[in-house]
Structures are given as C-alpha cells and as structure tokens.
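Peer 1: This is a predicted model, with the sequence first.
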Amino acid sequence: MPILGAGIIPNGPIGLELEATVRRVFAQMVVLLLYRMNPLLALLLRNAIRASGGVSPYTQPVQTGQYVQSSWIGPAGQFDIPVDVAATVNAEFNLCALATPVTSLGLEQLVTQDAIAVASRLMLKLNDLKNSALYALAQALFGPPQGTPAGNLLQMFSLQDAYGNAGLSPVYGGLDRTVYPMWQGLVLPSLGNVLSRQAFIQNLLKAVKYNGGEALDFVVMSIEDWTMLMTDFMSVERYNNDPSSRWGKDDPVNSGFRGLLLGDTPIFFDLNCPVGTAYGFNSKYITLVIHEDANFAWTGWYSTIPQGQIASVGLTLTALNLVCSKPSTGVIMQGITGAPATATLPAQPTIPFPSQVPWPVPPPPIPHPPVVTKGEIEPISSASPVAAPAALSQPAPPQTPSARRKEPKE
C-alpha cells in the first residue's frame, strides 16, 4: 500500500486523491528474500549418478571379511588351506520421492489475463519450485539420521546416516552396523575448542588412520566455526616488500581467505551446517543417486474440476537418495566450541511456510427429476401410494425391424 504523509507525499484527502489518480512506478523484478546458498548440495547434484526402476534400485556390494589368509611357510612347503566363506553382502538403497506441487486457480487467470501485471503470480510460483526443492534437500542432507527406529522412512538419508556409527545411525543401506562394524564411519564427539590449525589437523589425521590411509578431499563446517578457524590463519599473515615491489593506487591490500587449506585439505563453510559440527568427505565414495525419469521432472497440469474447483495442479517429482559405499572414509566432528557468539553473525531467517489448505469438499449433488421423453409416462416414486399399471411394469417385447411402424413424412 502507498505510504502517505512521508517525504513529498501529503496526507489526508489530497494524499488519497493522489493515490487514486496517479500511477506508480514498479521495479521490473521481484527480489527473493528467502532461502540460502547450498554449496555442498550443488556439488553432490553435479556429480550425481542415475538409477532406474526396480526394488532397491541401487545396490552396492561390499566386502566385509577376508576370503584368503596369508601365512609363512617352512622348507617343507606346507600351508593351511583357507576356509571358504561368504564375505560379500549387498547394501540396498531405495529412492525417496520429493514432490513440490503448485496450483493455478482458474478464476485468478481470468483476472490477470490481458492485464498489465507487476509480476505474474504463476511465474513466481514456478520459479519457487526449484528453490523450495533445494531447501528441502539441504535440510534433509544436514538433518537428523533416518536409520533409527524413530527416523522418517520416507526421507532420504542424511550425512549422519552416511558417516554415522552404530550409536548414531544403527542401520544404513539395510546393513546393521553392529553386525558389520566396518560399515561405520568415524564419529568424534565432544571435541571442544579445536578451531586452530594445530588442534584441527589432528582430527583430519584421525580420519585418515581410521579409514586405512585415504585422505579427506574436503571439510564442510558452519560459517561461525569457519570464521574462528580463519582468524588463526590471519594471525600469522605477513606482507613482504622487496626492492622490486611497486604499489599503485589500484593495488589493494587483501587480508583473509575465501578458502582454507589445512594439510592440503580444503575447508569450506555451508550455511546449512549446524554450529559445532563439521563433516569430512572423500568424494570417491559418496554420491547422490537420482532416478533418471524423476530428476526434478514436471508432471504437467491436471484439472481439479472433479474435486469441485476450477483450478489446475502440477508438481515436480524428484526420486533420489544419499549413497555412501564406504562410510569409514568420512568423519563427523561434533561438539566443536570456541566459535563466536551467534549475536555477532546474523541468524538466517526461517522460512514461514503457510499452513496447508485442504481442498474444498464439493457439495452433495442436487437430486434431479427423472428424465421423461415424449410419449412416455412419468415414473412414479416408491413413496407414492399409486402403483404403476401392470402393463407398464412389464417390459415390452423387442420389435423386429420389419415390425416397426414408420412415421409418415410431411
């Protein structure tokens, strides 16, 4: 609504008259004030692999034991024959469906048709399809584990499932981590104040030792923890000038970093990562699996007239899951302290989703009188005391084409 009584706009009747008779200038774009960047989700989507139909459409065979065993032998050349065992099991992953519906009210389209609209509400809704889906995926990625008895079986696995242990996520990919302890990731709880170079690199090397020597590709943490870790790098910054150095007015002095390297391991921040938690990744063993026919697929518009409303509804459908074929190559670092207070960094506003409005229940159908054609007697309801004649209650015998009477032509 226009603001009256501020700036050069008068108040009172003059302001109301100007509001009713003077056009306003609108910006040619709608600025989005919600959502946030999702760098880790973007990386996983960029390297996602495709899956097709079937029960548990993605199956990952994993070896959980030794097939053979080496031994030292003597001059006689005798050795022990290994026992034949079944050491390979399948980790089964089902895809989870994420639906993002959108509606288009029919009468609303009549209002906006051939009108000069500031912004099309339908286009705003369609643009919000992607943003809403990415928000839901990011929340699930950094959300609580689903491999627990209280987990949501309809939601995709989170990072705590992929890199968790038997205490955090007991079952992952259909395999019980108490039965297969090598199917667990490394969880480091209650680390405390480790946001320094000397303290943090120790946890990176713990992950390397736990998984058998494979180094982490990168680490993701919250922006608060990342900021504190960066200050430890900045405390040892130094500017070197030599006789060949020349500084001009277009040469700014830069301090700080966009990315941190610790032991050749990049460390980034993600706004969706909770404060006090960091994740270490080996990208060779973790990926998103997306159905080839449900990769943010649009279903098209369908009418809701059978539901008693002039409207159309459509949705985007995404079927995917987070698959880690070797959980021991990742690490979850919990209980990290020492980050600045949350008051120093603005909190991300929560997205106020409106409550779901149920579809209106159509009214009961209006009883119509029976259709009476010309030359017939109107049927009498069962409540009438007058009974139908016996001749009318019996069906007439069918007539052959030759017995049918032809009407004379005028």
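Peer 2: Received, thanks. Numbers count the residues shown, from 1 in each chain.

Peer 1: can you pull out the strands in the stretch 251-400 of the chain?
Peer 2: 260-262, 265-269, 278-281, 286-291, 297-298, 302-303, 311-324, 331-333 (DSSP state E, counting those that start in this stretch).

Peer 1: now the strands for the stretch 1-150 of the chain?
Peer 2: Under DSSP E, counting those that start in this stretch, the stretch 1-150 of the chain gives strands at 49-51, 58-63, 88-93, 96-105.

Peer 1: circling back to that earlier point, point out the most buried one among the strands of the stretch 251-400 of the chain.
Peer 2: Per residue and on average, the most neighbours among these fall to strand 278-281, with a mean of 26 (mean count of other C-beta atoms under 10 Å). Backbone N, C-alpha and C define where each C-beta goes, glycine included.

Peer 1: can you list the domains in the protein?
Peer 2: 1-31, 39-63+86-236+257-333 (automatic domain parsing).

Peer 1: now the end-to-end length of stretch 150-166.
Peer 2: 15 Å (C-alpha to C-alpha, to the nearest Å).

Peer 1: just to revisit the earlier point, looking at the strands of the stretch 251-400 of the chain, spot the one closest to residue 95.
Peer 2: Ranking the strands of the stretch 251-400 of the chain by their distance to residue 95 (criterion: C-beta to C-beta) puts strand 311-324 first, at 4.2 Å.

Peer 1: Run the angle between the closest one and strand 286-291 for me.
Peer 2: 140 degrees (axes from the mean of the first three to the mean of the last three C-alpha atoms, to 10 degrees).

Peer 1: just the helices in the stretch 101-250 of the chain please.
Peer 2: Taking DSSP state H, counting those that start in this stretch, the helices of the stretch 101-250 of the chain run over residues 106-112, 121-141, 159-162, 197-210, 223-234.

Peer 1: Out of these, which one sits most buried?
Peer 2: Of the helices of the stretch 101-250 of the chain, helix 159-162 is the most buried (mean count of other C-beta under 10 Å), at a mean of 26.

Peer 1: Turn the domains of the chain into JSON lines, columns for mean pLDDT and distance to residue 76.
Peer 2: Below are those laid out as JSON lines (pLDDT from 0 to 100; distance: least, C-beta to C-beta, whole Å):
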{"stretch": "domain 1-31", "mean pLDDT": "87", "distance to residue 76": "84"}
{"stretch": "domain 39-63+86-236+257-333", "mean pLDDT": "93", "distance to residue 76": "30"}
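
Peer 1: Of all the ones you listed, which one comes closest to residue 339?
Peer 2: Smallest distance to residue 339 across the domains of the chain (C-beta to C-beta): 4.0 Å, for domain 39-63+86-236+257-333.

Peer 1: Just the buried positions in stretch 48-66, please.
Peer 2: 48, 51, 57, 58, 60, 62 (16 or more other C-beta atoms under 10 Å).

Peer 1: now, which of these sits nearest residue 91?
Peer 2: After measuring those against residue 91 - C-beta to C-beta - the closest member comes out as residue 60, at 4.4 Å.

Peer 1: Could you find the closest non-adjacent residue to the closest one?
Peer 2: Once flanking residues are discounted, residue 60 sits nearest to residue 91: 4.4 Å by C-beta to C-beta, 6 or more residues apart in numbering.

Peer 1: give the contact list for that neighbour.
Peer 2: Neighbour list for residue 91: 59, 60, 61, 62, 172, 173, 174, 175, 183, 325 [criterion: C-beta atoms under 8 Å, 6 or more residues apart in numbering].
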